[in-house]
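**Q** generate coordinates for the sequence data below:
(one chain, ligands or ions: 1)
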Amino acid sequence: MACGGLEDHFSGMLEVGGFLSTDVAELNECESEGLEYGSSRHDNELYTDILSLQVQGVSTTAFGRLLNMPLIAIYNPVCGDGNAKQFFDQHVFPLLLHHGKTIDRVAATEHAGHAGQILIDFLEATEGEITAVLGSGDGTLHEIINFLSSASLKGPRANAPIPRLQIVLVPCGTANALYSSIFPPSVEGDSVNCKLKSIQSFINSSRTIPLTLAVATLFSPRSGNKRSQVAVSSVVVSTALHASILHDSESLRKDIPGIERFKIAAQNNSTKWYTSYVKLLPTLGTGRVQVYDPANKTFVDHPESEDHDPIVDVDGPFAYFLSTVNVDRLEPAFRITPLARTIPPTEASCEVVLLRPLRDPSVSRDNLEARMAFVPKLWAVLGAAYKDGAHINLRYDTGGEITTGGEGPTVVEYIRCGGWEWIPDDIDADTHLLCSDGAISHIEKGGRVVCSTETPMNGAGFVVYAQG
Ligand SMILES: Nc1ncnc2c1ncn2[C@@H]1O[C@H](COP(=O)(O)OP(=O)(O)OP(=O)(O)O)[C@@H](O)[C@H]1O
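**A** The predicted model follows:
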């Protein structure tokens, strides 16, 4: 082991409140002086010690624990194929230990919604920012973000804002959209190491990226007196087909734990069109809604987003309506919003993919025959998304056939904007489903959803370890 005898040297250290002290006396002295451990003169002494170790050519990894922030490991034992515990025991814990990372608390979630409470309890028992190694899929992360976004702390941290949470993702879920967007799958590397890339970044103190949050507010009809409901997402907010798929696939989870269940649910919903009215909202920085122009492979201002009126009105029906933040894919190979990676946004914004069948030159009205005829085109679009996001360049020819060239209308509209509003038609029940990172909400009859994006900065929000 690189750090050799150093491991033994520090084995007698004391763990207190997530910080490691060289001995009890030092901590007591620190407290009696009213100093915060890890600050003021103690920092200088620690750095001096570390520097002298570096001069001696000794790895400082173990000593680095002295400066580390509190570390918790949480895994969801039932996510994905149910192997999170085994993966942590066999790979995650040994790797962290090998690199001198001390885990202050290990917790397995015991029920849905538990992960957020585990983190709140840990925050209340520690100081400063914390790091969480999270073994789950996107759903557990979603629960954490929503729980922490509305929680308040007790104890010494009472009345203090929830500090920024540093997250080390370990992809143990079914789709792992966020992880596979940050660490796209590669042909090289065995599957174990592919799942440990965020851990490696954490060990190497590599780059972290702040998560943009999509805040979807579900409004009741104006006549009602109910409070609006809020869902915060870090991956996807959708309606139409994607929301129907997620809604239906949950009932298939037990029998089909893998991503096959999404394909079956997609088949079952393939002839549905969703009648709704949409407003696309500009980003703060550009003041405009932008649309992807495949001819020039760039974003341009949407022709209907103008200085005096930047909001774009869009009529349905929609076959597909999906927006993402932070990700270019929803499964390792399903690159539904590829431009999030190839033309990264420079400010808080969402990537929206619209499929409106009435753009097809061969479709003039919405009836069952037209819906049946459109199904192969829907599959062509979703199939192209699995081919490295090729759907964004598809066009219709004059007869409505889908082509990869020409100058006809684009099959999908790929939008970059600050947010959107979805106002479903009252009589269309399927149009009232909203998916937020896989969690399904129901929009009330007469209600609507407004989705906006923000990237919390300055010590707030959520950051994830990414490639260096
Ligand atoms: N101990 C538990 N028992 C039952 N359900 C749990 C438990 N812990 C967490 N959950 C629930 O498991 C659900 C699925 O978890 P998660 O979304 O992380 O994995 P996944 O669905 O397999 O992956 P992905 O979201 O990437 O497709 C979450 O919605 C969470 O509420």
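
**Q** what's the burial count for the spatially closest residue to residue 76 that is not a sequence neighbour?
**A** Closest residue to residue 76 apart from its sequence neighbours, by C-beta to C-beta, 6 or more residues apart in numbering: residue 136 at 4.1 Å. All C-beta atoms are positioned from the backbone trio N, CA, C, and that covers glycine. Counted by other C-beta atoms under 10 Å, the residues lying close to residue 136 total 27.

**Q** for residue 214, same thing?
**A** 27.

**Q** for it, what are its contacts?
**A** 232, 233, 234, 237, 323, 325, 350, 419, 436, 451, 452, 453 (C-beta atoms under 8 Å, 6 or more residues apart in numbering).

**Q** go with 6 Å
**A** With contact taken as C-beta atoms under 6 Å, 6 or more residues apart in numbering, residue 214 is in contact with 233, 237, 325, 350, 451, 453.

**Q** what do you get for residue 216?
**A** Residue 216 neighbours (C-beta under 6 Å, 6+ apart): 231, 237, 436, 449, 451.

**Q** the last one and residue 311, how far apart?
**A** The one in question is residue 451. Distance, residue 451 to residue 311, by C-beta to C-beta, to the nearest Å: 14 Å.

**Q** neighbour count winner among the two?
**A** residue 451 (27 against 16).

**Q** quick check: closest non-adjacent residue to the more buried one.
**A** Distance criterion C-beta to C-beta, 6+ apart; nearest residue to residue 451, sequence neighbours excluded, is residue 216 at 4.4 Å.

**Q** any figure for the gap between the one you found and the ligand?
**A** 17 Å (C-beta to the nearest ligand atom, to the nearest Å).

**Q** assumed that residue was part of a strand.
**A** Yes. Under DSSP: H, G, I helix; E, B strand; the rest coil, residue 216 falls within a strand.

**Q** show me what contacts residue 322?
**A** Contacts for residue 322 (C-beta under 6 Å, 6+ apart) come out as 238, 242, 353.

**Q** hmm, which of those are the buried ones?
**A** For the contacts of residue 322, a burial check counting by 16 or more other C-beta atoms under 10 Å picks out 238, 242, 353.

**Q** returning to that earlier point: in strands, which of the contacts of residue 214 appear?
**A** Judged by DSSP state E, the subset of the contacts of residue 214 located in strands is 233, 237, 350, 451, 453.

**Q** what's the spacing between the last one and residue 419?
**A** Same thing as residue 453. 6 Å.

**Q** in a markdown table: the contacts of residue 214, plus distance to residue 386 and pLDDT.
**A** Listed next are the contacts of residue 214 as a markdown table, based on distance: C-beta to C-beta, whole Å; pLDDT from 0 to 100:
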| residue | distance to residue 386 | pLDDT |
| --- | --- | --- |
| 233 | 22 | 97 |
| 237 | 21 | 98 |
| 325 | 21 | 98 |
| 350 | 22 | 97 |
| 451 | 25 | 98 |
| 453 | 26 | 97 |
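
**Q** check the burial of the closest residue to residue 390 other than its chain neighbours by counting its neighbours.
**A** Residue nearest to residue 390 in three dimensions, not counting chain neighbours: residue 384, with 4.1 Å by C-beta to C-beta, 6+ apart. Counted by other C-beta under 10 Å, the residues lying close to residue 384 total 20.

**Q** likewise for the one 3 residues further on?
**A** Using other C-beta under 10 Å, residue 387 has 10 other residues around it.

**Q** check residue 252 too.
**A** Applying other C-beta under 10 Å, we find 15 residues neighbouring residue 252.
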